[in-house]
Structures are given as C-alpha cells and as structure tokens.
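Peer 1: With the sequence up front, the predicted model follows.
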Amino acid sequence: MKNNRSHKNISGKGLAIASAIGICAVGAAMITAYNSAMQRLIPTSTQTSSTSTWVFTSETSGGDAAEEVNNSAAGVPFETEDAAANAPAGTEDAEIEEAGEAEEANKPITAEIGNIMPVDGEISHPFSNGELVKSETLGVWKTHDGCDILCELGTDVKSASEGVVKEIRNDPLWGVCVIVDQSNGLEVHYCGLAKELNVKAGQQVKQGEIIGKTSDTCQCEIVQKPHLHLGIKQGGKWIDPMSVMDNSQGE
C-alpha cells in the first residue's frame, strides 16, 4: 500500500512539472513574437498633430515604405518631376493670349479722324469733368457732361465727322437730340435742335454734312443764351468735346 501511494505522488509531481515547462515555453514564444513585431514598428507623426502613430516597415523596402504610408495618411499628394509636362498642351499660350486680349480691351479709343466744330462760337459752359456746377436753369448742383457753344437760333449744325445716325430722340430736358456713332470710335450727342431735321436714324453722314438747326428745345438750359449743347462719349464715358476737335481747322 505504501508503494502505491509513493508512485501516485511521483506521477502527480511529474505532471505539474511538465505543465509548468509547457506554460514557460508558450510565454517565451509570445515574448519572441512581440519583440519581433516591435522591431518592425517605427513612430511617425503628421504636420498637423504632435501625436505619433505607428506603421509597419517592409522587410524589403526599408524606410521608403514608411515615408510613403505617412504621406498618404496625412493627405499630401505626391508630386512628380514631370508634373508641368502633364499640363494640357497650349495652356501657357492661352493664358498669354487672354492677357493680351484684356490689355487690348482696356486701351483707350483714339480719334484717328479729325473732328470739326459743328458750329462756330464761343464756349459759354465748358465740360465739368465730373465736378458739380450749379445749373442756371434748374438751380441745382450737377455735372455738365458736355460743352455749350454759343450761336444764334436756327444755326446749321454740321456733323463733326463721318458716321451713322444711331438715334434721334425728343428728350424732355435736352430737347431734340441726334446721336451719331462716328467711324473714329466717338459717340457724338447734338442736343437742343429744332424738330425739323436733315437726317434720320440709320443714315450715313459725312463730315460737315448738315444734321439740323439749333433751337430752344433744351429745357434744362433754357435760361442761357442760345447755344448748341455738344456731348461726346469715348469708350462709353463722357469726355471733353474740345479735346478731340481739330484746332487747326480755322487756321
């Protein structure tokens, strides 16, 4: 009986020792695997955060793969040296052409053809160049976007240059007005004319051709001495009519 008990005790101790050895072996294997994995991890950080992240390196590519992964995670696109070569053909030429067209459009229109005075007379009220002047008739301060040329009622009004009659209107303030689009790029307004005109809308006129006669239809300047109100636009803006007149015509 004693021998049986001794044999059972020895067997129990053997099993305990075997189990302990097995547990140690498994633990050693896990530690080895963990160390191997940690050796393949490297810390990386993005430009927008101070917190490090971890990525695996490739055993064959070294640190380059880590750099690529980091850039991709940060949302930074990769640039190639031939990026400019991949731009659509003619892009640079198109930009230069557009810039040239814009510059050309902003150039002031020049009067290439000389303009003659539509009537002979003294300038009583010159172009105000955007400044406010007091209207003798209306009693208010306003810009004077033309010049007033003194002349007797019924004086012939001549076309300053060749062009086409763009419009004829009877304005409640400026009276009967004839607007001529000239070949030299100017838009000329003859205001305060008599209702009986020598031209009609759409008609071609030559330089010096009679458009009509002066009258007293210009109600906003009715208290002034008889005159022709002459307005000229260049590039859609009012300019001084006298600045585009041929000063040598009377010499």
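Peer 2: Noted; the coordinates are in hand.
Peer 1: got the contact list for residue 239?
Peer 2: Contacts for residue 239 (Cβ atoms under 8 Å, 6 or more residues apart in numbering) come out as 127, 232, 233. Where C-beta positions appear, they are placed from N, C-alpha and C, glycine not excepted.
Peer 1: For residue 188, give its distance to residue 136.
Peer 2: From residue 188 across to residue 136, the span is 24 Å (Cβ to Cβ, to the nearest Å).
Peer 1: Which one of these two is surrounded by more residues?
Peer 2: residue 188 (25 against 12; other Cβ atoms under 10 Å).
Peer 1: Any idea what that one is bridged to?
Peer 2: For residue 188, the beta-bridge partners are residue 180, residue 232 (DSSP bridges).
Peer 1: Tell me, what's the model's pLDDT at it?
Peer 2: Note for residue 188: predicted pLDDT of 98.
Peer 1: all helices in the stretch 51-200 of the chain, in order from the N-terminus.
Peer 2: 63-74, 91-105 (DSSP state H, counting those that start in this stretch).
Peer 1: mean pLDDT for those: which is lowest?
Peer 2: Among the helices of the stretch 51-200 of the chain, helix 63-74 scores lowest, with a mean of 40.
Peer 1: For burial, what's the neighbour tally of the closest residue to residue 145 other than its chain neighbours?
Peer 2: Closest residue in space to residue 145, ignoring its immediate chain neighbours: residue 238 at 4.2 Å, by Cβ to Cβ, 6 or more residues apart in numbering. By other Cβ under 10 Å, 19 other residues sit near residue 238.
Peer 1: again with residue 242
Peer 2: Residue 242 has 16 nearby residues by other Cβ under 10 Å.
Peer 1: Which pLDDT value goes with the residue nearest to it when sequence neighbours are not counted?
Peer 2: Of all residues not flanking residue 242 in the chain, residue 147 sits nearest, at 6.2 Å (Cβ to Cβ, 6+ apart). We have a pLDDT of 98 for residue 147.
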